[in-house]
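1. Just to be clear, the model below is a prediction. Sequence and coordinates:
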Amino acid sequence: MSDHDAIVIGGGQSGLAAAHALRARGLRPLLLEAGPEPVGSWPNYYDSLTLFSPARFSAFPGVPFPGDPDRYPHRDEVIDYLRRYAATLDVDIRTGHRVETVTATNGTHTAHTAHGDTFVAPVLIAATGGFSRPHRPMLPGHFTGNVLHTAEYREPSAFAGQRVVIVGGGNSAVQIAVELAGHARTTIASRAPLRFAKPTLLGKDLHWWTATTRLDVLPIGPWLRTPPTTPISDKGAYRAAVQAGSPDRRDMFTHLDGTTVTWADGTRETVDTLILATGYRPDVSYLQGLGALNAAGAPQHRRGVSTTCPRLGYVGLEWQTSFSSATLRGVHRDAQYVTSHLAEAARTRCCSPINA
């Protein structure tokens, strides 16, 4: 008999929120994290990354960020915050345990790790989040120059003197492009014009407005066929830099051949590096054998509760429930919802399906 009521796969913000929610219901979760400490993917993001929401809206309930609540925390502050939060949990956390496959038999889940260890529990929550697998779209042609995803980008000095094109038009694309423009000739290539939005309205941060009006938690995620894109949070410096051409913005290129890029207007030029600011996808391939995923490898769920596999849940997926589902400020709400639906199964070890 297992000593654990539930297994949580992933020790970042999603897994910590799930473990806390399970513990709050009197359950004994086991949290398995592939990395050396329970801070998720945050150490892998670029050095200058700052949150797009203030500290007061970027923390778990009851555990505020230290310091000025209106500042925008840096990546390393988030890492320290998660590290300290994990230390407060009365949870069995095993780092260095990468789960490769999950099997389900006789009402229990078994997690099989890369080192050959196995862990068994009736409930399993996949909390590797929506930002574990860098998305690398098909490019038009073959590029022989340097191609990397923003997940591999750290700082700009390595690109000094180069011709760099950043593919994408979101917050990270613009933040990196503006940083790079001081070291390399940089272009943002996007399919649509860039959309900028000031982070404040009538003197209040936009996150104050979305929290106050409850737009942040509106449960529209299950009804969205195509999740909307968010504008670039900008106090004015990013828009000014793009308007000044440092970096410039162009329509997406139409062809790649060697190191030659052909632009939409037919002009061609040599480029040294392409940086793909094309987002991430959930990394839940370890569930492949359960029938939990659709043909595209995406979870089949409703608000984080599996619609195909009993006693299986998810935390940290983009638009899992709402706009804030995959964020520090919102992931705990989804964790509470999912664990409320799975908790009874953990206690009774019931084999009947649980629906959202």
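-> Nice, thanks for sending it over.

2. Residue 210 reaches residue 329, doesn't it?
-> No - at 9.6 Å, residue 210 does not count as touching residue 329 under the criterion of CB atoms under 8 Å. Using the backbone N, CA and C atoms, a C-beta is placed for each residue, glycine as well.

3. the more surrounded of these two?
-> Taking other CB atoms under 10 Å, residue 210 and residue 329 do not tie; residue 329 has more neighbours (22 against 19).

4. in a strand, that's where that one is, yeah?
-> No - Residue 329 sits outside any strand when classified using DSSP: H, G, I helix; E, B strand; the rest coil, being coil.

5. hang on, it packs against residue 58?
-> Yes - counting by CB under 8 Å, residue 58 is a contact partner of residue 329 at 5.5 Å.

6. residues contacting residue 230?
-> The contact partners of residue 230, by CB atoms under 8 Å, 6 or more residues apart in numbering, come to 170-171.

7. now it, what's its secondary structure?
-> For residue 230, the assignment made with three-state DSSP gives coil.

8. how close does it sit to residue 133?
-> Residue 230 sits 20 Å away from residue 133, taking CB to CB, to the nearest Å as the criterion.

9. do residue 207 as well
-> Residue 207 is 27 Å from residue 133, where distance means CB to CB.

10. Looking at these two, which is more packed in?
-> The neighbour count for residue 207 versus residue 133, taken as other CB under 10 Å, is higher for residue 207 (21 against 17).

11. Please, where are all the strands along the stretch 251-356 of the chain?
-> Using DSSP state E, counting those that start in this stretch, the strands of the stretch 251-356 of the chain run over 255-258, 260-262, 268-270, 273-276, 280-281, 301-302, 305-306, 312-314.

12. most neighbours per residue, which of the ones you listed?
-> Mean neighbour count (mean count of other CB atoms under 10 Å) peaks for strand 312-314 among the strands of the stretch 251-356 of the chain, with a mean of 29.

13. and it, average pLDDT?
-> Across strand 312-314, pLDDT averages out at 97.

14. tell me what it is packed against?
-> With contacts taken as 3 or more CB pairs under 8 Å, 6 or more residues apart in numbering; DSSP states H and E, strand 312-314 sits against strand 123-126, strand 305-306, helix 331-348.

15. Nearest to residue 180, out of these?
-> Closest to residue 180 of those, according to CB to CB: helix 331-348, at 30.3 Å.

16. Can you give me the buried ones in that closest one?
-> By neighbour count on 16 or more other CB atoms under 10 Å, the buried set for helix 331-348 is 331-339, 341-343, 345-346.

17. for the stretch 51-200 of the chain, what are the low-confidence residue spans?
-> Scanning the stretch 51-200 of the chain for pLDDT under 70 picks out nothing.

18. quick one: the helices in it?
-> Along the stretch 51-200 of the chain, counting by DSSP state H, counting those that start in this stretch, helices occupy 75-88, 171-180.

19. which one of these is the most hemmed in?
-> By mean count of other CB under 10 Å, the helices of the stretch 51-200 of the chain have helix 171-180 as the most buried, with a mean of 23.

20. what comes into contact with stretch 215-223?
-> By CB under 8 Å, 6+ apart, the surrounding residues in contact with stretch 215-223 are 207, 209-210, 227, 302-303, 319-325, 329-330, 333.

21. could you redo the last one with a cut-off of 10 Å?
-> 53, 57, 206-207, 209-211, 227-228, 301-304, 317-327, 329-330, 333-334, 337, 356 (CB atoms under 10 Å, 6 or more residues apart in numbering).

22. So among these, which ones count as buried?
-> Among the contacts of stretch 215-223, the ones that count as buried by 16+ other CB under 10 Å are 53, 57, 206-207, 210-211, 301, 303-304, 317-327, 329-330, 333-334, 337.
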